[in-house]
Structures are given as structure tokens and as C-alpha cells.
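**Q** coords below, sequence missing:
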């Protein structure tokens, strides 16, 4: 943002169009990426009614594959909005890397049937023990290490982050610094 490469604009999205968004005030913004900073209350009304229906938002939230991909809506992904963990910034960074690798072709996208099966298993598991809340679908919380492990395994990255220190792997807490080598750092910005 400070380098002028990203423009921040606040406003309410009326709808998406082919090359950006139309705001409620009628203005059109061309955009490659839209970051929806919607606050705590989750709403999906900025999508058109058909897309919102396709997403399949349920009373306990939006269930996604790896908390990123919807099962039956192509060309859309959610990073940082459908997952609440004990280390949100780390989780969002790993999600971003996972999605970047998927979009660049470094990872193969799972078959739609596998995505649906995984989402259904997650839904069944969460509903079997987690109290109802409108955000249950996105709750990871104490299971964040397991979730990070899934993403790392998908990317073919070692999920045990303590190196050869097996004692630390079992007994030491995981910290954001344990994931420092997951996201490549541009030498230009390092």
C-alpha cells in the first residue's frame, strides 16, 4: 500500500462484475483482487444471489475444503475469512502459500468428489462435539497444529517443524517462528 502498488478503497460492494466490482454508490472499480474486510459479522450478500446459493452457507457457517475452497463453486477461494485458529496470522500466511501453490500449478487440485467428502467429514466431526454457533464451520482453534499439518502435507513440506529435536516435537509448543521457512521470501524485500 505505501509503495503505491495496492490501492485501498472502502465501500460496500453491490455486485461483482467481470473485471472488478460495482459499489453500492454506483461506481465501478477494476480489481484483480478484492479483500473483503467485513468485520465480525459474516455476510455473503456482496455475491449475487445465485453464487451465494451455490456456496451453500449453512446456519453454522460456510464449510470449505481446507477452510479455503468451496466444493461446487470454481474460481473462488477464501483466505483468512473462514478459519479461526489460535495463531491466525500464521494460519492465514500458510493458507496464502497453499493457495498460491495451487493456483500456480505446483499442487494438483483434488477431485470435486474428494473435496465434497472432506467437507462432509469435517462438518460431521464438528457437529458431533462442538456447540452450535453461526461460525462453527470456520472454527479451528485448538486444532490449529493439525490443520497446519494438513496444509503442509498437501504442499509436500515437512509438517514436523522442530527438526531432529524429537523431544521438542512432542513437548515444546509450536510458535509462528516454527513456520518461517514455509513462505519463500523475495530477496528483493528481505
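**A** Noted; the coordinates are in hand. A quick note: this is a predicted structure, and the numbers were derived from the prediction, not measured.
**Q** Number of residues surrounding the residue nearest to residue 115 when sequence neighbours are not counted?
**A** Spatial nearest neighbour of residue 115, chain neighbours left out: residue 65 (4.3 Å); criterion: Cβ to Cβ, 6 or more residues apart in numbering. Using the backbone N, CA and C atoms, a C-beta is placed for each residue, glycine as well. Using other Cβ atoms under 10 Å, residue 65 has 19 neighbouring residues.
**Q** what's residue 65 in contact with, if anything?
**A** By Cβ atoms under 8 Å, 6 or more residues apart in numbering, the contact list for residue 65 reads 71, 110, 115, 118-119.
**Q** quick one, what contacts residue 156?
**A** Contacts of residue 156 (Cβ under 8 Å, 6+ apart): none.
**Q** Let me fix that, I meant to ask about residue 90.
**A** Per Cβ under 8 Å, 6+ apart, neighbours of residue 90: 148, 176, 179.
**Q** how near is it to residue 102?
**A** Residue 90 is 19 Å from residue 102, where distance means Cβ to Cβ, to the nearest Å.
**Q** quick one on the thing from earlier: the contacts of residue 90 into JSON lines, with extra columns for distance to residue 158, pLDDT and secondary structure?
**A** Putting the contacts of residue 90 into JSON lines (distance: Cβ to Cβ, whole Å; pLDDT from 0 to 100; DSSP: H, G, I helix; E, B strand; the rest coil) gives the following:
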{"residue": "148", "distance to residue 158": "12", "pLDDT": "94", "secondary structure": "helix"}
{"residue": "176", "distance to residue 158": "17", "pLDDT": "89", "secondary structure": "helix"}
{"residue": "179", "distance to residue 158": "11", "pLDDT": "92", "secondary structure": "helix"}
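**Q** Cool, thanks, talk later.
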